[in-house]
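Q: this one's sequence-less:
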């Protein structure tokens, strides 16, 4: 399996809505597990040649060229299993296929968790944490007086 060809193919399928993370969650998670093992040890230089950084030179809070180069240095010369998944989950690198893959990875993990447990990941997280829950209070409706001319 050539991981780069498969990323483009799956990115296109996701882009054209031929597959969806909600309906194909288990299959996508299996794909990402296989992709993760195939990307381990691959050159990051090779990845950035095939999926070049966006050359936006203005710092506007999105990806710009200098932050892309900084991120490339942080990755190191070769991908590890953790670094490629980090690229997908936290960075969502600004390439149309890679960003679709990153979003599909997170959405399929969420959909799979919802299928297995019956509730969302965020609901599980919030129920186990000390985040205060919002309490809805019944507020009596006031009558509105309208001025009639």
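A: Now that the structure is in, tell me what you want to look at. Not measured: the values here are computed from a predicted model.

Q: Surely residue 44 and residue 84 touch.
A: No - if you go by C-beta atoms under 8 Å, residue 44 and residue 84 don't touch, sitting 9.3 Å apart. (C-beta placed from N, C-alpha, C; glycine too.)

Q: other SSEs contacting the helix or strand residue 125 falls within?
A: Assigning secondary structure by DSSP states H and E places residue 125 in helix 121-128. The contact analysis (3 or more C-beta pairs under 8 Å, 6 or more residues apart in numbering; DSSP states H and E) places helix 121-128 against helix 96-117.

Q: what's in contact with the helix it packs on?
A: Contacts of helix 96-117 with the rest of the structure, by C-beta atoms under 8 Å, 6 or more residues apart in numbering, involve 7-8, 10-12, 14-15, 21-22, 24-26, 28-29, 32, 51, 85, 87-89, 91-93, 120-121, 124.

Q: what's around residue 2, how many residues?
A: Residue 2: 9 surrounding residues under other C-beta atoms under 10 Å.

Q: Touching, residue 38 and residue 7? I think so.
A: No - with contacts counted by C-beta under 8 Å, residue 38 stays clear of residue 7, the gap being 10.0 Å.

Q: higher neighbour count, these two?
A: residue 7 (23 against 17).

Q: What's the separation between the spatially most central residue of the chain and residue 40?
A: Central residue of the chain (C-alpha atoms, centre = their mean): residue 103, 3.1 Å from the mean position. Per C-beta to C-beta, to the nearest Å, residue 103 is found 22 Å from residue 40.

Q: cool, and residue 4?
A: Residue 4 is 14 Å from residue 40, where distance means C-beta to C-beta.

Q: try residue 15
A: Residue 15 is 26 Å from residue 40, where distance means C-beta to C-beta.

Q: Compare the two and say which is more crowded by neighbours.
A: When residue 15 and residue 40 are compared for neighbours, residue 40 comes out ahead with 15 against 12, by other C-beta under 10 Å.

Q: For that one, give me the pLDDT.
A: In this prediction, residue 40 carries a pLDDT score of 90.

Q: Find the nearest non-adjacent residue to it, please.
A: By the measure of C-beta to C-beta, 6 or more residues apart in numbering, the closest residue to residue 40 outside its immediate chain neighbours is residue 81, 4.9 Å from it.

Q: was I right about the one you found contacting residue 36?
A: Yes - counting by C-beta under 8 Å, residue 36 is a contact partner of residue 81 at 5.2 Å.
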